[in-house]
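Q: Sequence first, predicted coordinates after that:
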Amino acid sequence: MHRDARRSSKGAALLTLAVLVSGCAGGAPSAASPSNANGRDDADSRARAAQFAEEEAHILRQLATADPRIAARFGIAPTDDEVRKATLEALAADDETLALAGSGFGSGSGTAQSFDLFAFEARARVLSAAGEAVVRSNAELPHDAQVERDLLRRLVVAERARVERERTLGLGALPLLQGMAASWTRPETPDAAKARGRMLTKRFGEVRASLAAAKLTLMERDALDDALDPIERLSSDAGISEASSSIAELRIALGDLKTVPSKADADDALSRMLTAASGTAQSTKAVGDALTATSATLRALLKSRLAEMPASAREAMGSDAAHVLTGVNACPARASGSLVRTAVPPPERAVARDVVCTFASVKGEANAEVTVALIVAHDLVAMALWAFDAHARGLEPYRAEEAHTLLSALTTEYASRRLRDAIAEPAAAINGGLAVELLLRDGALQMTGRASRWLAFGDAPLDVVATALAAATTASGHDDSNATSPKASPAAR
């Protein structure tokens, strides 16, 4: 494609993104339209909802061909015909980033069921087309379908922001390496193994070249190095010798990299990061205030609870909380009635999901399980503050850790790993802390009920969940301004 054509294509994509973002500006889903509320022709309304459901399913299948992580989140397996069509469209657009598509990731057949994650132009093109399809879907819908369309719009905006973050590589390569390991399938033939080796050599070379412009802290550098471990094991098991040498070269380059002691992103940069992760504008000051107030509230609650216990009981609860933090939280229920809300959360809301699952699993109101869950919540807020202090205030990571100590009995090694994760992937850590704040708004004794309602609603950006929980609180007769809830300002503006 000629340069001016590329520029025109990019301009059109940015225009579509601007329209999508403007549609998300209100944060929470729109209320039902007056015409629907007044009982307009039900048959016509159901027909429009059914038409949108078909459009949504098609859009999600498009997105699944662009990114194996989306395919996994939504449980979609794109067909060979769908991948072939998307690949031909990318080749017709002279997309050089797609040169190594068909690498075998995401399928046991040796044929790629989604694009190579490093095929940034191809991924962006699919997202642009999906965005245009959402923009075109402007028919008046029943309330539930309208909510779903708003969430689909937010999804496309967030995934487009993800592509733009990842295409710079550097630290942006971290989720790409993690996704590469998660979607790995063993090559079935020697030729497939050689093709995989060539692809890995090229991609690792691109990451290595990006390091010259990267400003990474020691922990961010180590996170990239650690992300190579599973790929190294998998490629070694598959007998891909080319991968071993290219991984070794990348590790050497990481070892030679001059790191920075701290990383203050400034308010606007952190705000952009959190906005991209949530889909709605985020005030950095409000986020910091919310996390600080929530930490203080939890410490006060736990101080009174733990003071009444013997030392042995406190130690047991610290150990139990550590077990929860290091384990896999199984959710007791799953949402239904929405393709978007029933999907597995994206990485930036994975910790938030863990918070919800922890409290939804608690039985009773005043027993030991509640105290353990509160310790877990406290420590996740502390980890969120590690990320916030490092990125918003420029504190060195270990100083941030010293400022916000944990109450659970985590091992030093595991606590160091969580600190590294908070620094390298701050959106996930901060959203985890904000999820605690959201659960605590009705007071500690209501956290289990709010978590259960959250699970029933499903995964969504936190401002959307906040609106849904507020509506549920009003319907159930609880006062959302309970005196025991933290007085922090909402993080979303």
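A: Here it is on my side, so go on. Numbers count the residues shown, from 1 in each chain.

Q: domains of the chain?
A: Each domain of the chain is listed here as a residue range: 3-167, 178-256, 266-476, per automatic domain parsing.

Q: Make CSV from the ones you listed and add mean pLDDT to it.
A: Supplementary listing: those in CSV, determined by pLDDT from 0 to 100:
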stretch, mean pLDDT
domain 3-167, 74
domain 178-256, 93
domain 266-476, 89
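
Q: And residue 119, its phi and psi?
A: Backbone dihedrals for residue 119, given as degrees, to the nearest 10, come out at phi -80, psi 70.

Q: Please work out which of the domains of the chain is packed deepest.
A: The highest average neighbour count among these, using mean count of other CB atoms under 10 Å, belongs to domain 266-476 at a mean of 20. Glycine gets a C-beta too; all of them are placed from N, C-alpha and C.

Q: From what I see, residue 414 and residue 326 are in contact.
A: Yes. The pair formed by residue 414 and residue 326 meets the contact definition of CB atoms under 8 Å, at 5.9 Å.

Q: ok, now which ones touch the residue of the chain most remote from its centre?
A: Using CA atoms, centre = their mean, the residue of the chain lying farthest from its centre is residue 310. It sits 39.7 Å away. Residue 310 makes contact with no residue, according to CB atoms under 8 Å, 6 or more residues apart in numbering.

Q: That one and residue 86: what is the separation?
A: In this structure, residue 310 lies at 63 Å from residue 86, with CB to CB, to the nearest Å as the measure.

Q: Repeat that for residue 348.
A: Going from residue 348 to residue 86 by CB to CB gives 25 Å.

Q: what's the answer for residue 235, then?
A: Distance, residue 235 to residue 86, by CB to CB: 26 Å.

Q: and what of residue 358?
A: Counting by CB to CB, the separation of residue 358 from residue 86 is 39 Å.

Q: Then residue 252?
A: For residue 252 relative to residue 86 (CB to CB), the value is 36 Å.

Q: measure residue 468 to residue 461 for me?
A: Distance, residue 468 to residue 461, by CB to CB: 11 Å.

Q: How about residue 441?
A: If you go by CB to CB, the gap between residue 441 and residue 461 works out to 17 Å.

Q: Residue 130 now?
A: Applying CB to CB, one obtains 18 Å for the distance of residue 130 from residue 461.

Q: can you pull the contacts of the residue nearest to residue 220 when sequence neighbours are not counted?
A: What sits nearest to residue 220 in space, not counting adjacent residues and going by CB to CB, 6 or more residues apart in numbering, is residue 424, at 4.9 Å. If a contact means CB under 8 Å, 6+ apart, then residue 424 has 171, 174, 219-220, 223-224 as its contacts.

Q: Closest to residue 117 out of those?
A: Taking CB to CB as the measure, residue 117 sits nearest to residue 174 out of the contacts of residue 424, at 11.7 Å.

Q: Isn't the closest one up against residue 426?
A: No. Proximity of residue 174 to residue 426 does not meet the contact threshold set by CB under 8 Å, at 11.8 Å.

Q: re earlier: which among the contacts of residue 424 gets closest to residue 239?
A: For residue 239, the nearest member of the contacts of residue 424 is residue 224. The distance, counting by CB to CB, is 24.9 Å.

Q: Centre of the chain to the helix or strand where residue 354 lies, how far?
A: When elements are assigned from DSSP states H and E, residue 354 belongs to helix 350-360. The chain centre lies 13 Å from the centre of helix 350-360; the measure is CA atoms, centre = their mean, to the nearest Å.

Q: what's the answer for stretch 249-256, then?
A: Taking CA atoms, centre = their mean, one finds the center of stretch 249-256 at 28 Å from the center of the full chain.

Q: who's in contact with that stretch?
A: By CB under 8 Å, 6+ apart, the surrounding residues in contact with stretch 249-256 are 204-205, 207-208, 211, 221, 224-225, 228.

Q: would a markdown table of those residues with distance to residue 151 and secondary structure be doable?
A: Putting the contacts of stretch 249-256 into a markdown table (distance: CB to CB, whole Å; DSSP: H, G, I helix; E, B strand; the rest coil) gives the following:
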| residue | distance to residue 151 | secondary structure |
| --- | --- | --- |
| 204 | 36 | helix |
| 205 | 38 | helix |
| 207 | 33 | helix |
| 208 | 38 | helix |
| 211 | 37 | helix |
| 221 | 36 | helix |
| 224 | 32 | helix |
| 225 | 36 | helix |
| 228 | 35 | helix |
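
Q: Out of those residues, which comes closest to residue 125?
A: Nearest member of these to residue 125, counting by CB to CB, is residue 207, at 22.3 Å.

Q: Skip the chain neighbours and tell me the closest residue to the closest one.
A: The shortest distance from residue 207 to any residue that is not its chain neighbour, by CB to CB, 6+ apart, is 4.6 Å, and that residue is residue 173.

Q: quick one, what contacts the one you found?
A: If you count contacts by CB under 8 Å, 6+ apart, then residue 173 has 166, 207, 210, 224 around it.

Q: give me the element the third one is part of.
A: So that's residue 210. If you go by DSSP H and E, residue 210 is part of helix 190-210.

Q: a helix runs through residue 184, doesn't it?
A: No. Per DSSP: H, G, I helix; E, B strand; the rest coil, residue 184 lies outside any helix segment and is coil.

Q: For residue 217, give me phi and psi.
A: Per degrees, to the nearest 10, the residue geometry at residue 217, taken as phi and psi, is phi -80, psi 170.

Q: if I look at it, how far off is residue 406?
A: Distance check for residue 217 against residue 406: by CB to CB, it reads 21 Å.

Q: and residue 359, how far is that from residue 451?
A: The span separating residue 359 from residue 451 equals 4 Å under the rule CB to CB.

Q: Residue 160: which element?
A: helix 143-166.

Q: Name all residues that make contact with the closest residue in space to residue 318 that isn't next to it in sequence.
A: Leaving out its chain neighbours, the residue that sits closest to residue 318 by CB to CB, 6+ apart is residue 409, at 4.0 Å. Contact criterion CB under 8 Å, 6+ apart gives 315, 318-319, 321-322 as the residues in contact with residue 409.

Q: again, but for residue 324
A: With contacts taken as CB under 8 Å, 6+ apart, residue 324 has the following neighbours: 358, 372-373, 376.

Q: if you set the cut-off to 7 Å instead, what comes out?
A: Taking CB atoms under 7 Å, 6 or more residues apart in numbering as the contact definition, residue 324 lies against 358, 372, 376.

Q: Can you classify it by secondary structure?
A: Reduced to three states with three-state DSSP, the structure at residue 324 is helix.

Q: any idea whether residue 330 is helix, strand or coil?
A: Secondary structure of residue 330, per three-state DSSP, is coil.
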